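**Q** missing the sequence, but the structure's below:
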């Protein structure tokens, strides 16, 4: 991640046709590269024996070379009276000698002057140190010397490299005031962390977010570049001291030549007595690329490392031709809702690409009073949020507001200030002052009665956020209060204020009992606690008569009756029994005639199939005819369960005993058993046989 993030600075530098004024104070005190001893003779190893700070500075200089960015490097002098040592270009950076002390004041003065006088739109103060200033006694002197204030429009990044907790505790009080924001102060413990911290912070400040990684010899990395990217930047550096390497970057137009390369070694002939190996090889090498890209179409790029080289770290930066814009009122009052209106610009026009807004983790937030406020997309590329100041501007200094658009590759910011004045006059005058929602009878489902309260006659209720809260509780009912859509006040210039009308509703649950709750009402109050005394309660009357048992339950009773009736009808057709389909009967006027009679299937006789709540039956009259009505029959045979039968009417029925050939009457108790197949029966002068 180290080198990749270094590249980020460039991202912003070219954005929107502007550049960056980068002033970098590089700590060149002896403790960075030379071993030291204290008064007791204890030895302290150097904090940066690999000259990682020099390597990071060289990468920044290389990335900015030939662009709209301007990089100025300042180092400490040998005394507090000496002016800072400037370094312009890679050779001058390598040649910066190690000084005899840690003197902040003169470099801070020079850095502040350069930043304030710069005409470039984006400015960055970058400070790297491993020590405690010898020329500052009070930590507040540093920011005064640099000129940090809300009016000073430049970013800050301060990196501290300390070898022990004791030295950090001594140096941190002097570094923290030099960082505009808490996240602008970064501490590292090892020299190899220097570039990582340097590039991470630099990328964040300049509005880019790099992709970082490493390549082993013979490996390559291919990456897709989306629309709106105007430049591709890649920084590489050897992962460890060693020989030079030659990475290769290939884009849509072919190979991209390296913009800058080299190592972080000392100039020829330079030696330091306290660090005999500091200037000797091997050194860490670097190579940076910067190439234009068409923002109107997607492209593919490949970074590769030939075999035979040592491993490298890389950082990839995509510079979008986008910039953030923010509009806020110049002044407002505490408790008054403010509309934050932000957008991104592409080629000077509002940027509106919904696909872009939905990809790569895109987010838009505003930072104000130390809190992040999410912005919502209103369409047309406009991102808005409503914010309510909770306190006046401190000592009259305008309150800063920052908007940030970010995704996986970029982080664009815009700042404005807003003067937050004291509290507004506030008084609530609800109309009507009390509500009577009337009387009604409860129903099977919930019932509702509503009315509207108007706050138009109140003082500043159109500008101060208000909440409406139901007071009191009742079992079986609920009181609610909601703003009426479209009742927002018109504050002019297209700005919408707070709702001025609220709908008060009481909902009675279905099948409720008698409801006449006392103490109901709605409380109107401002969200800000300062206006708590202005809260007003609107008493609310409501009376709901009991639904009644029959009114409540008659649908269910009707349904139950209907289901029972339906079941009764179905059972009327399903429950009766049928004759066996194969069962048949022979009827004749004599026993001999049965042998000549034709069989008649029982189901084909009148009434031989089951009916509504009626079993199938066979009815035979005295003349030997089959009839439907059992009243006209002398013999009635009825179907039973499982193909069984029974005689319902059979007065005088006899059966022939095959063993003796005699006739015997059928006992009454056996009539319920029905006929015996192939047995011969007679009733009067009719002979019958069933099979």
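**A** Arrived safely. Note that the coordinates shown come from a computational prediction; the quantities given were computed from them, not determined experimentally.

**Q** isn't residue 312 up against residue 235?
**A** No. Using CB atoms under 8 Å, residue 312 makes no contact with residue 235, being 10.0 Å away. Any C-beta I mention is one placed from the backbone N, CA and C, and that applies to glycine too.

**Q** when those two are compared, which one has more neighbours?
**A** A count of neighbours by other CB atoms under 10 Å puts residue 235 above the other of residue 312 and residue 235, at 34 against 24.

**Q** kindly state the pLDDT recorded for that one?
**A** Looking at residue 235, its pLDDT is 86.

**Q** do the one 4 residues further on as well
**A** According to the model's per-residue confidence, residue 239 sits at a pLDDT of 87.

**Q** can you count the residues close to it?
**A** Applying other CB under 10 Å, we find 17 residues neighbouring residue 239.

**Q** where does pLDDT dip in this protein?
**A** Scanning the chain for pLDDT under 70 picks out 1-18, 38-39, 150-152, 191-192, 194-207, 493.

**Q** quick one, helices of it?
**A** 2-14, 30-33, 52-64, 90-94, 105-117, 141-146, 165-175, 192-206, 354-357, 549-574, 591-596 (DSSP state H).

**Q** mean neighbour count, the ones you listed: which tops it?
**A** Most buried of these, by mean neighbour count (mean count of other CB atoms under 10 Å): helix 2-14, with a mean of 30.

**Q** and residue 246, how many neighbours does it have?
**A** 12.

**Q** measure it to residue 492 for me?
**A** Residue 246 sits 64 Å away from residue 492, going by CB to CB, to the nearest Å.

**Q** next: residue 475.
**A** Distance, residue 475 to residue 492, by CB to CB: 47 Å.

**Q** swap in residue 73?
**A** The gap separating residue 73 from residue 492 is 51 Å, by CB to CB.

**Q** who's more crowded, those two?
**A** Per other CB under 10 Å, whichever of residue 73 and residue 492 has more neighbours is residue 73, with 25 against 7.

**Q** residues in contact with the closest residue to that one other than its chain neighbours?
**A** The shortest distance from residue 73 to any non-neighbouring residue, by CB to CB, 6 or more residues apart in numbering, is to residue 87 (4.1 Å). Residues in contact with residue 87, defined by CB atoms under 8 Å, 6 or more residues apart in numbering, are 26, 73-75, 93, 95-96.

**Q** quick one: buried ones out of those?
**A** Buried residues within these, defined by neighbour count using 16 or more other CB atoms under 10 Å: 26, 73-75, 93, 96.

**Q** just the closest of those residues to residue 644, please.
**A** Of all these, residue 644 sits closest to residue 26, with 112.9 Å by CB to CB.

**Q** wait, the closest one sits on residue 128?
**A** Yes. At 5.7 Å, residue 26 counts as touching residue 128 under the criterion of CB under 8 Å.

**Q** which residues are common contacts for the two?
**A** By the contact definition CB under 8 Å, 6+ apart, residue 26 and residue 128 are jointly contacted by residue 53.

**Q** partners of the strand of greatest length in the chain, with directions?
**A** Longest strand of the chain, by residue count under DSSP state E: strand 411-423. Strand 411-423 pairs in its sheet with strand 331-334 (parallel), strand 399-406 (antiparallel), by DSSP bridges.

**Q** buried ones in the first one?
**A** Within strand 331-334, the residues scored as buried using 16+ other CB under 10 Å are 332-334.

**Q** can you redo these as JSON lines with distance to residue 481?
**A** Supplementary listing: the buried residues of strand 331-334 in JSON lines, determined by distance: CB to CB, whole Å:
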{"residue": "332", "distance to residue 481": "27"}
{"residue": "333", "distance to residue 481": "26"}
{"residue": "334", "distance to residue 481": "25"}
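
**Q** closest one of those to residue 289?
**A** Set against residue 289, the nearest of these by CB to CB is residue 332 (47.2 Å).

**Q** burial measure for the residue nearest to that closest one when sequence neighbours are not counted, as a count.
**A** Nearest non-adjacent residue to residue 332, counting by CB to CB, 6+ apart: residue 338, 5.0 Å away. Residues near residue 338, counting by other CB under 10 Å, number 21.

**Q** quick check: bridge partners of residue 338?
**A** residue 387.

**Q** rewinding a little: make a markdown table from the helices of the chain and add distance to residue 419 to it.
**A** Shown next, in a markdown table, are these (distance: least, CB to CB, whole Å):
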| stretch | distance to residue 419 |
| --- | --- |
| helix 2-14 | 28 |
| helix 30-33 | 45 |
| helix 52-64 | 37 |
| helix 90-94 | 43 |
| helix 105-117 | 23 |
| helix 141-146 | 23 |
| helix 165-175 | 31 |
| helix 192-206 | 26 |
| helix 354-357 | 32 |
| helix 549-574 | 62 |
| helix 591-596 | 123 |
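
**Q** to residue 319, which of those lies closest?
**A** Per CB to CB, nearest to residue 319 of those: helix 2-14, 4.0 Å.

**Q** and the strands in the stretch 401-550 of the chain?
**A** Using DSSP state E, counting those that start in this stretch, the strands of the stretch 401-550 of the chain run over 411-423, 435-441, 447-454, 466-471, 477-483, 488-492, 495-499, 501-508, 521-526, 536-545.

**Q** quick check: which of these is nearest to residue 588?
**A** strand 435-441 (76.9 Å).

**Q** quick check: which helices or strands does the closest one pack against?
**A** Judged by 3 or more CB pairs under 8 Å, 6 or more residues apart in numbering; DSSP states H and E, the packing partners of strand 435-441 are strand 447-454, strand 501-508, strand 536-545.

**Q** distance between the last one and the chain's centre?
**A** Between the mean C-alpha location of strand 536-545 and the chain-wide mean there is a distance of 40 Å, by CA atoms, centre = their mean, to the nearest Å.

**Q** what angle sits between that strand and strand 501-508?
**A** Put simply, strand 536-545 runs at 30 degrees to strand 501-508, going by axes from the mean of the first three to the mean of the last three CA atoms, to 10 degrees.

**Q** which residues touch strand 536-545?
**A** 428-430, 432-442, 447, 449, 453, 471, 477, 479, 504, 506, 508, 512, 514-517, 520-525.

**Q** and those residues, which are buried?
**A** 428, 430, 435, 437, 442, 447, 449, 453, 477, 479, 504, 506, 508, 512, 515, 517, 520-522, 524-525.

**Q** on that earlier part again, max pairwise distance over the buried ones among the contacts of residue 87: which two?
**A** Farthest pair in those, by CB to CB: 74 and 93, 11.1 Å.

**Q** what residues are shared contacts of the two?
**A** Contacts common to residue 74 and residue 93, judged by CB under 8 Å, 6+ apart, are 26, 87.

**Q** thought residue 487 was touching residue 496, still the case?
**A** No. Applying CB under 8 Å, one finds residue 496 not in contact with residue 487, separated by 10.3 Å.

**Q** residues touching residue 478, list them.
**A** Contact analysis of residue 478 by CB under 8 Å, 6+ apart lists 470, 506-507.

**Q** make CSV from the residues you listed and add distance to residue 609 to it.
**A** Shown next, in CSV, are the contacts of residue 478 (distance: CB to CB, whole Å):
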residue, distance to residue 609
470, 69
506, 63
507, 58
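
**Q** my read is that residue 262 contacts residue 286, right?
**A** Yes. If you go by CB under 8 Å, residue 262 and residue 286 touch, sitting 6.5 Å apart.

**Q** with neighbour numbers in mind, choose between these two.
**A** For residue 262 versus residue 286, neighbours defined as other CB under 10 Å are more numerous around residue 286 (29 against 19).
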